[in-house]
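S.K.: Dropping a prediction and its sequence here:
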Amino acid sequence: MNNKPGLSHGICQLIDALQCLPGVGSKSAERMTWQLLQHQTAQARHLAHSIEHALDTVNPCQSCNMLCDELTCEYCRHPGRDPQVLCVVESPSDVLALEQTASYRGRYFVLKGHLSPIDGLGPNEIDIPKLFALVTEHPITEVILATNPTVEGEATAHYIAEQLKSKHITTSRIAHGVPMGGHLHYLDSHTLRHAFIERKRL
Ligand SMILES: [Zn+2]
């Protein structure tokens, strides 16, 4: 931890801790710290309590990895969803983005990110064996690969598609209208809906 001269341990600890958030550097973390400790102490306590409560109650769905507060998530439990179609994404926020398009009624599988050998992230680290077990044990006939259109997302989709070929399962990849290098959860619903409907068979 970087102890700054003149600042208490508690303040330095909070500035450090806030920098785990995406897009938050040291300057932003300092601003947030003053805001929380000086002007919004009630909200700061609520924030701390909410984080602790979520950490105690939220866990990955044992079937699909979506975050939920039961053993299995509502997408896996919902009787109206098509159990034969599985959409593979990189993060829980992608599930919400796809749900907002209202164009998909199948099940999901949430990878723990994407393949990135340089960062030590191989198939095991992102839960691909769990995906293949799910595909083998359930009557799934189509897998839609909706990983992000980044180099790593494409490589992950390609790897999964190659492995599924031997299982005789149709795989498709969302493509149209999704810019290379983008992330699904930043796309507007219309673009994502179109990309989903126009998916290409692999
Ligand atoms: Zn689930």
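M.R.: Looks like it arrived, so ask away.
S.K.: Need the residue closest to the centroid of the chain.
M.R.: Against the mean C-alpha coordinate of the chain, by C-alpha atoms, centre = their mean, the closest residue is S91 at 0.9 Å.
S.K.: from memory it sits against Y108, does it?
M.R.: No. Shown here, S91 and Y108 do not form a contact pair, counting by C-beta atoms under 8 Å, at 11.0 Å. For the C-beta atoms, the positions are set from N, CA and C on the backbone; glycine is no exception.
S.K.: need the next SSE after whichever strand or helix holds E99, C-terminal direction.
M.R.: Taking DSSP states H and E as the definition, E99 sits inside helix 92-100. Along the chain past helix 92-100, the next helix or strand (assigned with DSSP H and E) turns out to be strand 106-110.
S.K.: coming back round to it: pull the helix holding E99 out as CSV, backbone CA atoms only.
M.R.: Output in CSV follows, covering the C-alpha atoms of helix 92-100 (Å, rounded to 0.1, in the frame of the first residue of the first chain):
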residue,chain,number,x,y,z
PRO,A,92,-22.6,-11.8,-16.5
SER,A,93,-23.1,-8.3,-17.8
ASP,A,94,-23.3,-9.8,-21.3
VAL,A,95,-26.3,-11.8,-20.3
LEU,A,96,-28.1,-8.7,-19.2
ALA,A,97,-27.2,-6.9,-22.5
LEU,A,98,-28.6,-9.9,-24.5
GLU,A,99,-31.7,-10.1,-22.3
GLN,A,100,-32.4,-6.4,-23.1
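S.K.: Let me see the mean pLDDT of that helix.
M.R.: Summarised as a single mean, pLDDT over helix 92-100 is 93.
S.K.: What of stretch 37-53?
M.R.: Here stretch 37-53 scores 94 as its mean pLDDT.
S.K.: if you look at stretch 138-155, does any of it touch the ion?
M.R.: No. Residues of stretch 138-155 contacting the ion under C-beta under 5 Å from the ion: none, with a closest distance of 11.7 Å.
S.K.: now do the same end-to-end measure for that stretch.
M.R.: The first residue of stretch 138-155 is 25 Å away from its last residue (C-alpha to C-alpha, to the nearest Å).
S.K.: The residue nearest to the centre of the chain and the ion, how far apart?
M.R.: Between S91 and the ion the distance is 14 Å, computed by C-beta to the ion, to the nearest Å.
S.K.: what kind of secondary structure is the nearest residue to F132 once chain neighbours are set aside in?
M.R.: Leaving out its chain neighbours, the residue that sits closest to F132 by C-beta to C-beta, 6 or more residues apart in numbering is Q163, at 6.6 Å. Under the three-state scheme (DSSP: H, G, I helix; E, B strand; the rest coil), the conformation of Q163 reads as helix.
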